[in-house]
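> After the sequence you'll find the predicted model.
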Amino acid sequence: MDRELPAHVDAPERVSHRYHLIRVIVTLCTIGAVTLVIGLAALVDPENLHPLRYFGGCAVVVAVCGLAVLYLVKGGGKSTTSVEVAMLAGLFSTYGNTIYGGLLDVDPWWQVCGYLVVILIAGGVSLRRWSTFSFFTAIGLAAWSVAIETSDESGGFIFDSFVLILLGAVVAAAILWLFRIERKRVTELNRELQENATHDPLTGVLNRHGLLSAVLRAGGIDGQAWCAYVDVDYFKAINDLRGHDHGDDVLRAVAGSLAEAGGELTARWGGDEFVALGFGPAPDEAAIQERVERGIREIEPGGAVTVGLATGQLRNGAGLDQLMRRADRRMYERRAVARS
């Protein structure tokens, strides 16, 4: 998902990305609000030797987080990369301002160290990919190393602070790992639920709801389309004579053969009725019927189908019902002619 998610990307991935975007926006807003409060408190702190300079650093963090949130809210967070860059901007700004407070002696280094652990954990919560998190952690640890090594703290304190920061990075990595496992499990569950809701469990092609949803999602449909309505001849007799298991095999063969007949969408409309939908020039009606019959006669030698084909204009999904009705009527007309 490094590029903008197109309309046909499955819903679970889109939902997962949306929740990630919301989580990042909430985190950035929280960082900005807390930093603003800290900066205002520094202005009235009588022990603060550099209130304006420290408030200036806090103002930079607030501005960076605010711009990042504005960018995401205005539609900039359509890819994982854009969301991660916005989150990194907020994390790096508050990380740098925290070290800046230690250099100004606004906060003692032990307090700065605690703040940085919290910021590292925030990175583990809000970042999504290992590469982004590793980059943030590496830059953060390097900045802390330079800052604390140039301070006048004792060697024992420097060692303890390094241990604490490293522990914070480990905890942040564990949080990110758990989030990734949970996100993967939820995404797979959502995908399975969507599959069950939109696909026929017997044949594996779309069901009625799945076909309608696919047409509505494909918002770019605009132009000539064709619909093939397929019905298995004497299917009840096949079930009665050969058994329902054999009938199920015939339905699977029809679905598989129809899916290879050139249409973009294939669905089981109900019972022994199937629908294929395509865009552009329509194929030959007899060719579709021959292709499907060739597939089912490998299982049922006497099997046959009747195909009705209709063409028409679709405008962003509108007109599908009328197109299918005409294909259905055409199928019954051809069947009546064949049986007479």
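Cool, the structure landed. Numbering: from 1, shown residues only.
> Can you list the buried residues in the one helix or strand residue 112 maps to?
Remark: residue 112 resides in helix 109-126, with elements defined by DSSP states H and E. Going by neighbour count (16 or more other Cβ atoms under 10 Å), the buried part of helix 109-126 is 109, 112-117, 119-124, 126. C-beta coordinates here come from the backbone N, C-alpha and C atoms, glycine included.
> Tell me, how many residues neighbour residue 78?
Neighbours of residue 78 under the rule other Cβ atoms under 10 Å: 15.
> again with residue 34
Neighbours around residue 34, by other Cβ under 10 Å: 16.
> Residue 115 versus that one, what's the distance?
For residue 34, the distance to residue 115 equals 10 Å [Cβ to Cβ, to the nearest Å].
> Correct me if wrong, but residue 46 is in a helix.
No: per DSSP: H, G, I helix; E, B strand; the rest coil, residue 46 lies outside any helix segment and is coil.
> which ones are touching it?
Contact analysis of residue 46 by Cβ atoms under 8 Å, 6 or more residues apart in numbering lists nothing.
> Quick check on it: phi, psi?
phi -70, psi -20 (degrees, to the nearest 10).
> Looks like residue 309 contacts residue 226 (just checking).
Yes: if you go by Cβ atoms under 8 Å, residue 309 and residue 226 touch, sitting 6.3 Å apart.
> other SSEs contacting the longest helix belonging to the chain?
In the chain, taking DSSP state H as the definition, the longest helix is helix 155-198. When contacts are defined as 3 or more Cβ pairs under 8 Å, 6 or more residues apart in numbering; DSSP states H and E, helix 155-198 sits against helix 11-43, helix 109-126, helix 130-149, helix 208-217.
> Among the ones you listed, show me which one is buried the most.
helix 109-126 (a mean of 20; mean count of other Cβ atoms under 10 Å).
> which intervals of the stretch 101-250 of the chain have sub-threshold pLDDT?
Judged against pLDDT under 70, the low-scoring parts of the stretch 101-250 of the chain cover residues 218-223.
> at 50 what do you get?
220 (pLDDT under 50).
> Am I right that residue 267 falls within a strand?
Yes: assessed by three-state DSSP, residue 267 belongs to a strand.
> so it sits right up against residue 209, yeah?
No: contact criterion Cβ under 8 Å: residue 267 and residue 209 do not qualify, at 9.2 Å.
> got the contact list for the nearest residue to residue 175 once chain neighbours are set aside?
Distances taken as Cβ to Cβ, 6 or more residues apart in numbering put residue 124 closest to residue 175, at 3.9 Å, once the chain neighbours are dropped. Applying Cβ under 8 Å, 6+ apart, we find residue 124 in contact with 133, 171, 172, 173, 174, 175, 176, 179.
> Dump those residues to JSON lines, plus distance to residue 75.
As requested, these are exported to JSON lines (distance: Cβ to Cβ, whole Å):
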{"residue": "133", "distance to residue 75": "25"}
{"residue": "171", "distance to residue 75": "34"}
{"residue": "172", "distance to residue 75": "29"}
{"residue": "173", "distance to residue 75": "31"}
{"residue": "174", "distance to residue 75": "33"}
{"residue": "175", "distance to residue 75": "29"}
{"residue": "176", "distance to residue 75": "26"}
{"residue": "179", "distance to residue 75": "25"}
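> The stretch 201-340 of the chain: strands as residue ranges?
222-232, 265-270, 273-279, 305-315 (DSSP state E, counting those that start in this stretch).
> what's the spacing between residue 39 and residue 84?
Taken as Cβ to Cβ, the span from residue 39 to residue 84 is 26 Å.
> I meant to write residue 323 there.
Taken as Cβ to Cβ, the span from residue 323 to residue 84 is 44 Å.
> Which residue ranges make up the domains of this protein?
Domains of the chain are assigned by automatic domain parsing as 11-196, 208-339.
> quick one on the thing from earlier: now the buried members of the contacts of residue 124.
133, 172, 173, 175, 176, 179.
> looking at it, the first one is touching residue 172, isn't it?
To tie it back to what came earlier, the one meant is residue 133. Yes: between residue 133 and residue 172 there is a contact under Cβ under 8 Å: 7.4 Å.
> list the residues that contact both of those two?
With Cβ under 8 Å, 6+ apart as the test, residue 133 and residue 172 both reach 123, 124.
> just to revisit the earlier point, any idea which of the contacts of residue 124 is closest to residue 277?
Residue 277 lies nearest to residue 179 out of the contacts of residue 124, by Cβ to Cβ, at 39.4 Å.
> Need the residues that contact stretch 169-189.
Residues contacting stretch 169-189 (Cβ under 8 Å, 6+ apart): 12-13, 15-16, 117, 120-121, 123-125, 127-128, 130, 133, 137, 140-141.
> Could you tell me how far it lies from the centre of the chain?
16 Å (Cα atoms, centre = their mean, to the nearest Å).
> Report how many residues lie close to the closest residue to residue 113 other than its chain neighbours.
Take residue 113 and drop its neighbours on the chain: the residue closest to it by Cβ to Cβ, 6+ apart is residue 161, 4.6 Å away. Using other Cβ under 10 Å, residue 161 is surrounded by 22 other residues.
> wait, residue 161 sits on residue 114?
No: between residue 161 and residue 114 there is no contact under Cβ under 8 Å: 9.6 Å.
> Please dump the helices and strands packed on helix 155-198 into a markdown table; it should also carry distance to residue 330 for every row.
Output for these, formatted as a markdown table (distance: least, Cβ to Cβ, whole Å):
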| stretch | distance to residue 330 |
| --- | --- |
| helix 11-43 | 34 |
| helix 109-126 | 56 |
| helix 130-149 | 55 |
| helix 208-217 | 18 |
